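Undergrad: have a look at this prediction, sequence included:
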Amino acid sequence: MTPNKKAKILATLGPAVKGIDDIRQLVEAGVNIFRLNFSHGEHADHAQRYQWVREVERQLGCPVGILMDLQGPKLRVGRFAGGKTQLFKGQAFRLDLDATPGNDVRVNLPHPEIIAALEPGMSLLLDDGRLRLEVTAKHADAIDTIVIAGGELSDRKGVNVPEAVLQLSPLTAKDRADLAFGLELGVDWVALSFVQRPEDIIEARALIGDKAALMAKIEKPSAVQHVEAIARLCDAIMVARGDLGVEVPAENVPRIQKDIVRVCRQLGRPVVVATQMLESMRFSPAPTRAEVTDVANAVAEGADAVMLSAETASGDYPLETVQMMSKIIRQVENGPDYQAQLDVARPQAEATASDAISCAIRRISAILPVAALVNYTESGASSLRASRERPKTPILSLTPSLEVARKLTVAWGIYSVINARLGKIDEVSSTALEIARSQGFAGIGDTVVITAGVPLGQPGSTNLLRIEQLG
């Protein structure tokens, strides 16, 4: 399990990945955590893929994370009498609660919460932003609009409302059923779609409890405005650039991405950059130069993980895509200015023993030729604080909990080994050095930095740092 990259790869599973052998190849190529997308597929499909991942984890002897991605509320127009209509710039068009099929002047909008939230002057986006309407009047059961950007509109196309906060839970009845199934299955992470405000995280956390870690997907303008409060309440953030790129001007997405990465780094929350990273590799064995640059920029900014969606779920080249993403990550991380860029964006430390030790680790690894940092952790919190500092050396996280190890698969630079809880302080160094050697992190003569908490086995007690040499 010797690491050759620090940024992690999150890959989506789908029909393109057909069995255990495919999963194993993807892990060996660089995937650290897999995504089960509950917008598609049946429960039986997800259960099968879950079992494949767990079997590969057992075969390889290293933790592999599994994230379930909830669909969230899908806002759509109703149906048309002819299956579709053509909207022209400047024409009037009504959206209402009438369930009868639509025509060229109106269509059903089966979402009263949208009608309640919209006001004259606000925009309404249809079909992934291809059509844009502006509200001209609001009624109890309808809104009148004028077409700003026209085109063909067909049955059940999606609706985006970028300028309003909807009084709508991010968890539909389907999501609640999916969540119960996923938690029973044993997923490590839950990704929450359609987050608008901090209260959405509180609602989801009440259902999830401590059964899985919670990742908030930032894809709404209102979530961008509250991203720090949302990040404080969840365990990780996903920059979901698909819907985000529909709801905000496309030219704003790079800046928003940078801001979210910065906030998460400061708070010590893992951050995933997602959507269309190597999109052309769905149908081509090679990416575009722009896509390579996109992945490289996310890694250079300090993202914990980069995500593949349709590229691995339904594309023609899932393995080649992961191999390419791994190559890009390694190329960036081996660059002469990579560490300097991370150090410039270094977050402000908090006045805690854990942060003081994490800062010391970063400084030590910059001064000495440290082969590895070995960190004993019960909850994973001290490994995440060390990761937040982005040290030059990889972080070998020793934990007695397989669940903790799986959750850490999304975090930058952390590679976990399951190790029984120590009982004696004099075992700390010898055990750490032996595991660092056996896992390929260090060899004879290498320097290893070891951190732990005394008393042993007590979460939140990291207060010990040792510099040892492997003899």
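TA: In hand now; what should we look at? Numbering: from 1, shown residues only.

Undergrad: report the buried residues of stretch 10-23.
TA: Within stretch 10-23, the residues that count as buried by 16 or more other CB atoms under 10 Å are L10, A11, T12, L13, G14, A16, V17, D22, I23. Every residue, glycine included, has its C-beta placed from N, CA and C.

Undergrad: so how far is it off the chain centroid?
TA: Centroid separation for stretch 10-23 versus its chain: 18 Å, with CA atoms, centre = their mean, to the nearest Å.

Undergrad: got it, and stretch 41-48?
TA: The answer for stretch 41-48 is 21 Å, by CA atoms, centre = their mean.

Undergrad: begin at 525, not 1, for the rest of this chat.
TA: Noted, 525 is the first residue going forward, which turns the last one into stretch 565-572.

Undergrad: average model confidence for it?
TA: Throughout stretch 565-572, pLDDT has a mean value of 98.

Undergrad: ok, now how distant is G964 from V551?
TA: With distances taken as CB to CB, to the nearest Å, G964 is found 16 Å from V551.

Undergrad: higher neighbour count, those two?
TA: The neighbour comparison of G964 against V551 (other CB atoms under 10 Å) goes to V551, with 22 against 11.

Undergrad: report the separation between that one and W576.
TA: The value you get for V551 to W576, if CB to CB is used, is 11 Å.

Undergrad: before we move on, what about S850?
TA: The value you get for S850 to W576, if CB to CB is used, is 20 Å.

Undergrad: more neighbours: which of these two?
TA: A side-by-side neighbour count of S850 and W576, using other CB under 10 Å, places W576 first with 20 against 17.

Undergrad: and the host helix or strand of that one, what does it pack onto?
TA: For W576, the enclosing helix or strand under DSSP states H and E is helix 567-584. Helices and strands touching helix 567-584, by 3 or more CB pairs under 8 Å, 6 or more residues apart in numbering; DSSP states H and E, are helix 544-553, strand 557-561, strand 589-593, helix 697-709.

Undergrad: and R765, what does it touch?
TA: E743, V777, Q781, V797, A798, T799, Q800 (CB atoms under 8 Å, 6 or more residues apart in numbering).

Undergrad: so what's the residue count around the spatially closest residue to L988 that is not a sequence neighbour?
TA: Spatially, and ignoring its direct neighbours in sequence, L988 is nearest to A976 (4.8 Å; CB to CB, 6 or more residues apart in numbering). Using other CB under 10 Å, A976 has 25 neighbouring residues.

Undergrad: is it correct that A976 is in contact with Y900?
TA: Yes - counting by CB atoms under 8 Å, A976 touches Y900, with 4.0 Å between them.

Undergrad: mind listing the shared neighbours of those two?
TA: In contact with both A976 and Y900: L946, V952, using CB under 8 Å, 6+ apart.

Undergrad: surely F612 meets V671?
TA: Yes - if you go by CB under 8 Å, F612 and V671 touch, sitting 6.3 Å apart.

Undergrad: the more surrounded of the two?
TA: When F612 and V671 are compared for neighbours, V671 comes out ahead with 19 against 10, by other CB under 10 Å.

Undergrad: against which helices or strands is the helix or strand that one falls within packed?
TA: Assigned by DSSP H and E, V671 falls within strand 666-673. Strand 666-673 is packed against strand 616-620, strand 647-650, strand 655-662, with contacts defined by 3+ CB pairs under 8 Å, 6+ apart.

Undergrad: so that strand versus strand 655-662, what angle?
TA: Calculated by axes from the mean of the first three to the mean of the last three CA atoms, to 10 degrees, strand 666-673 forms an angle of 140 degrees with strand 655-662.
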